[in-house]
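Enquirer: A structural model of the following input is requested.
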Amino acid sequence: MGQVFNKLRGKEWRHKQVQAICDRVFDRFKIQTGRANLTFEELYIAVLLVYNDINKRLPGPHFDPPSKDLVKAIMTDCDINLDGEIDRDEFVKFIEQITAETFNVVSQGLIISLIVAPTVAIATKKATEGVPGVGKVVQKLPTSIYASLVTLAVVWVNSDSN
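Expert: This next block holds a predicted model:
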């Protein structure tokens, strides 16, 4: 379980995910514009594309992209060479900074869904066996299937509430 937790919360995992998304988005702009850097307007569109990608690919709630004002403020922090544009390395740093909280929320949701829910299901299986009508069904179900069903229910409720 420690390995799962480290992968979900690890900076290396997060960096690889962000790097893959950034490369895809940055390359798209590079091909379309023929330039190696992003202006502010291009950067804001790139941020919208990154958030769209995150919302499509990662489980959990959908996240709203940052405002233009926040993008402008963080852009000045990440523009290392002070040219008023963002290159590939600055873009990765920018996206890591702006999405740090997003990945923390996703990681917490995955931990609850994949670790806590099955553990609680196994711990409560005995209690549900005494419930009239439901008890006999629960007794017949193998613990692994019961835990999987409870986990799916938690994931379903979690995704519906977001």
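
Enquirer: Sketch out the strands for the chain, chain order is fine.
Expert: Taking DSSP state E as the criterion, the chain carries no strands.

Enquirer: quick one: low-confidence ranges for it?
Expert: Applying pLDDT under 70 to the chain flags residues 1-14, 57-61, 101-115, 155, 157-162.

Enquirer: again, 90 this time
Expert: 1-22, 33, 36, 50-65, 76-82, 84, 92-93, 95-162 (pLDDT under 90).

Enquirer: which residues touch the residue of it most remote from its centre?
Expert: Residue farthest from the centre of the chain, counting by Cα atoms, centre = their mean, is P132 at 40.2 Å. By Cβ atoms under 8 Å, 6 or more residues apart in numbering, P132 lies in contact with nothing. (C-beta placed from N, C-alpha, C; glycine too.)

Enquirer: Going forward, count from 490.
Expert: Shifting the count to begin at 490 puts that one at P621.

Enquirer: ok, it to V627 distance?
Expert: Relative to V627, P621 is positioned 11 Å away (Cβ to Cβ, to the nearest Å).
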